[in-house]
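K.L.:
A predicted structure for the sequence below; I have some questions about it.
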Amino acid sequence: MYLKYSFLFLALHVFLLFSSQETFVNAYLKNVSPTYAVILLESETNMCFKIAYGKNLNALAFTQNFTLANSSRNSYVYDAIITNLTPKTKYFYCVSKGKINYFSTPALGSGNFRFVAMGDSRSQPKIFSEIMKDVNKINPDVIISMGDLVEDGGKKVQWKKYFFDASRNVISHIPFISTLGDHEGERDSGKLFAHYLFPRKNHKKLWYSFDVGNAHFVSLDYRYPKNVEMINWFENDMTNSDAKWNFVFTHRPCYNFGGHCSVWGRDTWPALFQKHKIDIVFSGHSHIYERFLPVKINSSSDWSVTYITTGGAGANLYKARTNQFLAKAFADYHYILFDIKNDSLLMTTFSTNNCIIDRMRIDKSAGYDKKYFYKSTSQKKLNFITMFLRKLSESINTIPLMTIPSEKKICIDSEFKKVGIKISLSKNSRKFYKMKSVKFNLCKGKTKQINLKIFAKDNITVSPWGLITPPLKLDGQICFDEERFEIETGNIEYWP
């Protein structure tokens, strides 16, 4: 009887030991260079994991242990740094006798590579999964994300459902490098985001940079638009980079006509991007696609920056709005492929049905692509118009009634010699609301206080999250001499 129970206990122990080997989400790549790779592993069990790897699928010649990098809420993240790899070589690897995966090291000193940019994949893992399948066929060297990988970054179960389950077959062999989104940063201060993706970084300071080929990538932490430490780090980082191509990605856009009408870091970062000759600044947050024409700080500047919003990898879409500053704007699920061949960059934006919806080319063979930058727009005008749009789009704190108006107060100042401004209800909103249009000229150095009084023509409803029905929108018109720009807000919300 004693031997029988001993055998049963031993069998149960062996079963639990080996079943625990399957509790990890999956092995996924953090980084791959010509001579080394970093592989991460998440498990619900704190135990010893080994990785076997090699060039021959049938004979993985090398083994080493994973090292515990971070632990949080019964979740353990390990990393394995594999060194002395051969450039431009395919390697196979296996974790604790599990599934065999692979990765490929890039060529040493190569200026030819491809990367994919996407953002805001939360909410609909089926769409994100389809996008990742398409990306897998393209097989880029790296994927960069604008964040918002999950709806609530503080809930462990969502990381499996929204991110790992939808991407595991891709991130096992292609590095997926994300900036922090507000759905991660504002739920648990980015703790689980850092735990899974940057287990050795401080979750309070999630800015970093890396190189791929002849390009330098910088990720900024959206939480700190005025943080002196991050600004100084960026300046030093860019000063020490001699890369041919320079890219920045962060969650919230500096410029945005649709979605949230974001103006992130407007007082600081556009000037820094111009100073350090950033080629493209990527962002998400607004669930649309916007590619701005090159933006030049002034007419005498020798550089222009391209701003791209890519927030269509799974979250519910917003309405896109066209504008003279935009080369392309649309609302569809998408990802962006960049092919870089030394001095040449080709951008192709694909929708989920693999239709090409935008293309752009930059050629640096002569140092400065005059053909591309010929269409550069004024940063000063763009600043004024998008800031004006932002103020028009801000929520109201009282509900419009038929007899008592909701008062929306706006303060506008100008650096232009003279600018004409008109504010009115949008065409469709006039059916349900009343508001006297406002029209005036604003001169340089002057400030205008505006008080818009909005009445409802009939009963309206307001949802618990502030959505007003029928929708309330405002139109704006801005005139600089002979140039006229028309803008429309999104649905104005009610937040007391």
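P.N.:
Okay, I see it.
K.L.:
can we go C-alpha only for contacts and neighbour counts from here?
P.N.:
Will do.
K.L.:
all helices of the stretch 351-496 of the chain, in order?
P.N.:
With DSSP state H, counting those that start in this stretch as the definition, the stretch 351-496 of the chain shows helices at residue ranges 370-373, 379-393.
K.L.:
any idea which of these gets closest to residue 105?
P.N.:
Set against residue 105 and scored by Cα to Cα, those come closest in helix 370-373, at 32.6 Å.
K.L.:
tell me the most buried of the helices of the stretch 351-496 of the chain?
P.N.:
Burial among the helices of the stretch 351-496 of the chain, expressed as mean neighbours by mean count of other Cα atoms under 10 Å, is greatest for helix 379-393, which shows a mean of 19.
K.L.:
just the C-alphas of that one, formatted as PDB.
P.N.:
Extracted C-alpha coordinates of helix 379-393, given in PDB (Å, rounded to 0.1, in the frame of the first residue of the first chain):
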ATOM      1  CA  GLN A 379       4.500  74.500 -39.000                       C
ATOM      2  CA  LYS A 380       3.400  77.800 -37.600                       C
ATOM      3  CA  LYS A 381       0.100  77.700 -39.500                       C
ATOM      4  CA  LEU A 382      -0.400  74.000 -38.600                       C
ATOM      5  CA  ASN A 383       0.200  74.800 -34.900                       C
ATOM      6  CA  PHE A 384      -2.400  77.500 -34.900                       C
ATOM      7  CA  ILE A 385      -5.100  75.500 -36.800                       C
ATOM      8  CA  THR A 386      -4.700  72.300 -34.800                       C
ATOM      9  CA  MET A 387      -4.600  74.100 -31.500                       C
ATOM     10  CA  PHE A 388      -7.800  76.000 -32.600                       C
ATOM     11  CA  LEU A 389      -9.400  72.600 -33.500                       C
ATOM     12  CA  ARG A 390      -8.400  71.200 -30.200                       C
ATOM     13  CA  LYS A 391     -10.100  74.000 -28.300                       C
ATOM     14  CA  LEU A 392     -13.300  73.700 -30.400                       C
ATOM     15  CA  SER A 393     -13.300  70.000 -29.700                       C
END
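K.L.:
model confidence over that helix, on average?
P.N.:
For helix 379-393, mean pLDDT rounds to 95.
K.L.:
still on that earlier bit, in JSON lines: the helices of the stretch 351-496 of the chain, plus distance to residue 184.
P.N.:
Putting the helices of the stretch 351-496 of the chain into JSON lines (distance: least, Cα to Cα, whole Å) gives the following:
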{"stretch": "helix 370-373", "distance to residue 184": "36"}
{"stretch": "helix 379-393", "distance to residue 184": "24"}
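K.L.:
of all those helices, which one is nearest residue 258?
P.N.:
Per Cα to Cα, nearest to residue 258 of the helices of the stretch 351-496 of the chain: helix 379-393, 9.8 Å.
K.L.:
quick one: distance of that closest one to the chain centre.
P.N.:
Taking Cα atoms, centre = their mean, to the nearest Å, the mean C-alpha location of helix 379-393 is offset from the chain mean by 22 Å.
K.L.:
what lines up beside the longest strand anywhere in the chain in the sheet?
P.N.:
Of all segments of type strand in the chain, defined using DSSP state E, the longest is strand 447-456. Take DSSP bridges as the rule and strand 447-456 pairs in its sheet with strand 406-413 (antiparallel), strand 433-434 (antiparallel).
K.L.:
dump the C-alpha coordinates for it into PDB.
P.N.:
These are the backbone C-alpha positions of strand 447-456, laid out as PDB (Å, rounded to 0.1, in the frame of the first residue of the first chain):
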ATOM      1  CA  THR A 447      -6.200  87.600 -27.400                       C
ATOM      2  CA  LYS A 448      -9.900  86.900 -28.100                       C
ATOM      3  CA  GLN A 449     -12.300  85.500 -25.500                       C
ATOM      4  CA  ILE A 450     -15.300  83.700 -27.100                       C
ATOM      5  CA  ASN A 451     -18.400  82.500 -25.300                       C
ATOM      6  CA  LEU A 452     -20.500  80.200 -27.500                       C
ATOM      7  CA  LYS A 453     -24.100  79.600 -26.300                       C
ATOM      8  CA  ILE A 454     -25.600  76.400 -27.600                       C
ATOM      9  CA  PHE A 455     -29.300  75.600 -27.200                       C
ATOM     10  CA  ALA A 456     -31.000  72.300 -28.000                       C
END
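K.L.:
go through that strand and flag the buried ones.
P.N.:
452, 453, 454, 455, 456 (16 or more other Cα atoms under 10 Å).
K.L.:
related to what we said a few turns ago, how about the strands paired with strand 447-456, which one is nearest residue 309?
P.N.:
With Cα to Cα, the closest approach to residue 309 among the strands paired with strand 447-456 belongs to strand 406-413: 26.0 Å.
K.L.:
contacts for that closest one next, please.
P.N.:
Judged by Cα atoms under 8 Å, 6 or more residues apart in numbering, the contacts made with strand 406-413 from elsewhere in the structure are 388, 391-392, 396-400, 442, 444-455.
K.L.:
swap in stretch 333-349?
P.N.:
Contact partners of stretch 333-349, identified using Cα under 8 Å, 6+ apart, comprise 110-118, 127, 131, 214, 244, 288, 310, 312-314, 317, 350-352, 356-365.
K.L.:
having no further points to raise, I will conclude here.
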